[in-house]
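J.: below are the sequence and a predicted model for it; my questions follow.
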Amino acid sequence: MWMGITVATAVAGWWMGRWLPLVGGWFLRESVLTSQERRQGEMVGKIGVSSGAVAMVWWATEPGEWLLGLTFLFFLLLVVWTDWMRGVIPDRLNGVGAVVFLCVQGIRGEELLSLLMAAIAGFILLGLISLLSGGGMGGGDVKMAGAAGFALGWPGLGVGLALAIVSGGLTALWLWGRRQVTGKTPIPFGPHLALGFFIAFWSGEVLASWYLSLLGR
């Protein structure tokens, strides 16, 4: 039975992934995409949604978690594609994502006030980093952290931000060491946020507990 569900989920995810560039184009307010953007968007969507959906079939503990995970995954893939292709995370994407996550969490019976506080904390934390970096981080990244707060809550959001900063920093150092970038070269941070938030969605509390245990708490 589970094998049949897994195969059906993979096929459905592959089909859903085909729509990623179309949805992304709507958020970008662009109806015309290059053939390369469309192909890359479809590939990201097909592989990402199908594999992620299958993983959630085995890991999710209840249908609400599976639904939240699937919508959050599609949101993160859209962020990766738009930021990588156009260097922007659209406000409409962040806004719609926040509303969808809030609605799904409400259906699941989660405490919405704590999620709101996590979203505000994420917005403020990344906003401060953006100010301290002199604009090195875009407003779309800051708003994305706020939207993700409704899906992750706390401490998941904090774990995701920490992972994203480590991933982004190591990537920047590697590119700088290979002389592919300079100190002023813009590097999309959205993909690193997406990676950190996806890991935190499934393992945020475990990683937070592990870190606190290292501190003796």
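T.: On my side now, so go ahead.

J.: for Ala148, which non-adjacent residue is spatially closest?
T.: Of all residues not flanking Ala148 in the chain, Phe197 sits nearest, at 5.0 Å (Cβ to Cβ, 6 or more residues apart in numbering). For glycine as for every other residue, the C-beta is placed from the backbone atoms N, C-alpha and C.

J.: tell me how many other residues crowd the one you found.
T.: 30 (other Cβ atoms under 10 Å).

J.: right, and it touches Gly149 too?
T.: No. In this structure Phe197 lies outside contact range of Gly149 using Cβ atoms under 8 Å: 9.7 Å.

J.: what pLDDT does Ala208 get?
T.: Predicted confidence (pLDDT) for Ala208: 67.

J.: that older thread, quick one: the residue nearest to Ala148 from Leu73, how far?
T.: Distance, Phe197 to Leu73, using Cβ to Cβ, to the nearest Å: 10 Å.

J.: count the neighbours of Arg38 for me.
T.: So Arg38, with other Cβ under 10 Å, has 16 neighbours.

J.: and it, what helix or strand is that in?
T.: helix 35-59 (DSSP states H and E).

J.: now do Val100
T.: Going by DSSP H and E, Val100 is part of helix 91-108.

J.: buried sites along the helix or strand that that helix is followed by?
T.: Remark: after helix 91-108, the chain's next helix or strand is helix 112-132, criterion DSSP H and E. Across helix 112-132, burial judged by 16 or more other Cβ atoms under 10 Å covers 115, 118-119, 121-123, 125-127, 129-130.

J.: by how many degrees do helix 112-132 and helix 91-108 diverge?
T.: Counting by axes from the mean of the first three to the mean of the last three Cα atoms, to 10 degrees, helix 112-132 lies at 150 degrees to helix 91-108.

J.: re earlier: return every residue with contacts to both of Phe197 and Gly149.
T.: Common contacts of Phe197 and Gly149 (Cβ atoms under 8 Å, 6 or more residues apart in numbering): Leu157.

J.: hang on, the earlier thing: save the buried residues of helix 112-132 as CSV, and put in pLDDT and distance to Gly41 too.
T.: What follows is the buried residues of helix 112-132, written out as CSV (pLDDT from 0 to 100; distance: Cβ to Cβ, whole Å):
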residue, pLDDT, distance to Gly41
Leu115, 92, 29
Ala118, 92, 30
Ala119, 93, 27
Ala121, 92, 31
Gly122, 90, 26
Phe123, 92, 27
Leu125, 89, 30
Leu126, 88, 25
Gly127, 88, 29
Ile129, 83, 28
Ser130, 81, 27
